[in-house]
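Student: structural data only, the sequence is not supplied:
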């Protein structure tokens, strides 16, 4: 199954599940903490695959800067860093423009991967 580290962590630590591959921008072994580093790095169509989390909101443009700054500062707090470490996430704040660009590129990349696999896409 494909599962987030925070969902699998207790099962892996208990020995009920083992890692076959990790979906990460970093190679296996660069991600510390025991069992997570045992799997291989999963690559899709020759490119590293990974997941992102973002915050989307339908807010006026004049409010974007406030929230970008808020989340940038939040991502630097000790409690956020602990959450990242405890749940085996990769850290990497992106502002609104960079995140939008990433999602556009990711969508295009996934569309290409699906087409190469013979899956019909509608957009």
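Tutor: Perfect, I can see it now. The shown structure was predicted, so the numbers you read here are calculated from the model rather than taken from an experiment. Numbers count the residues shown, from 1 in each chain.

Student: can you give me the helices in the protein?
Tutor: 5-13, 61-74, 78-86, 96-116 (DSSP state H).

Student: lowest-confidence stretch among those helices?
Tutor: Across the helices of the chain, helix 5-13 has the smallest mean pLDDT, namely a mean of 77.

Student: just the buried residues of it, please?
Tutor: Neighbour counts over helix 5-13 (16 or more other Cβ atoms under 10 Å) mark 5, 8, 9, 12 as buried. (Each C-beta comes from the backbone N, C-alpha and C, glycine too.)

Student: the third one: what's it in contact with?
Tutor: Applying Cβ atoms under 8 Å, 6 or more residues apart in numbering, one finds that residue 9 lies in contact with 87, 88.

Student: for this structure, list the residue farthest from the centre, please.
Tutor: residue 62 (28.0 Å; Cα atoms, centre = their mean).

Student: please report the distance of residue 69 from residue 14.
Tutor: Distance, residue 69 to residue 14, by Cβ to Cβ, to the nearest Å: 41 Å.

Student: out of the two, which sits in the more crowded spot?
Tutor: Neighbours were counted for residue 69 and for residue 14 using other Cβ atoms under 10 Å; residue 69 has more, 11 against 8.

Student: got the buried residues of helix 5-13 as a markdown table, with distance to residue 122 columns?
Tutor: Formatted as a markdown table, the buried residues of helix 5-13 follow (distance: Cβ to Cβ, whole Å):
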| residue | distance to residue 122 |
| --- | --- |
| 5 | 32 |
| 8 | 32 |
| 9 | 36 |
| 12 | 37 |
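
Student: nearest to residue 108, of those residues?
Tutor: residue 5 (26.5 Å; Cβ to Cβ).

Student: separation between that closest one and residue 110?
Tutor: Distance, residue 5 to residue 110, by Cβ to Cβ: 21 Å.
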